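**Q** Sequence first, predicted coordinates after that:
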Amino acid sequence: MELCQRWEQSLCALRPVFSREKTFEWFVVLMWGLLLSTAPPAVTSDVNAVGLSERYDAQALHGFHSRAFRVDALCVQWSRWLQGHPQCVRLRGQRVYVGDGIKVSK
C-alpha cells in the first residue's frame, strides 16, 4: 500500500504542469497503466491494465498531442520533485530515483 501512496504523491507533484484537469487525469491513468501492465508497452495495454476498454484508446492517445502540458515543463517539475525529495540518491552528482523494476509488491 505504501508503494501506491508514494506513486500517487509523485504523480500529484506533477499536477502544476497541466493546464487542464482532464489531461492530468489521463496522464495519471496512463502512468498507472504503465506501472500495472504486464503486456508489451502500448497505449492499449496501459488502458486495459487499469480496466478500461479499447474504446478509450483514442482519448488516451489524444493526451500525447494535448497543448495542456509541455514535456519540457514536465521534466523540470519531475526534477524539482526529485531535488526536494528527502531520499534523493545522487550518482556522480546527478539525482537518481532508485527502484527495483519489479511490479510485484512484496
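**A** That came through, no problem. Numbers count the residues shown, from 1 in each chain.
**Q** And the strands in the protein, which stretches?
**A** 89-91, 94-96 (DSSP state E).
**Q** V50: which of these is closest?
**A** With distances scored as Cβ to Cβ, the stretch of the strands of the chain nearest to V50 is strand 94-96 (27.6 Å). The way it works is simple: take the backbone N, C-alpha and C, and place the C-beta from them, glycine included.
**Q** Which elements pack onto that closest one?
**A** Counting contacts by 3 or more Cβ pairs under 8 Å, 6 or more residues apart in numbering; DSSP states H and E, strand 94-96 packs against helix 71-84, strand 89-91.
**Q** Report the rounded mean pLDDT for the first one.
**A** By that I understand helix 71-84. The pLDDT scores in helix 71-84 average 87.
**Q** Quick check: which helices or strands does it pack against?
**A** Looks like helix 71-84 contacts strand 94-96 (3+ Cβ pairs under 8 Å, 6+ apart).
**Q** Name the strands paired with the strand it packs on and say parallel or antiparallel.
**A** Strand 94-96 pairs in its sheet with strand 89-91 (antiparallel), by DSSP bridges.
**Q** in this structure, which residue is closest to the centre?
**A** M31 (3.6 Å; Cα atoms, centre = their mean).
**Q** ok, of the strands of the chain, where does mean pLDDT dip lowest?
**A** strand 94-96 (a mean of 75).
**Q** residues making contact with that one?
**A** With Cβ atoms under 8 Å, 6 or more residues apart in numbering as the test, strand 94-96 has contacts from 79, 82-83, 88-90.
**Q** Would you map the helices across the protein?
**A** Secondary structure of the chain (DSSP state H): helices located at 2-12, 21-36, 43-49, 57-62, 71-84.
**Q** Packed most tightly, which of these would that be?
**A** helix 43-49 (a mean of 19; mean count of other Cβ atoms under 10 Å).
**Q** Can you check which of the strands of the chain gets nearest to D72?
**A** That would be strand 94-96 among these, by Cβ to Cβ, at 17.1 Å.
**Q** M31 against L11, yeah?
**A** Yes - with contact defined as Cβ atoms under 8 Å, M31 reaches L11; the gap is 5.9 Å.
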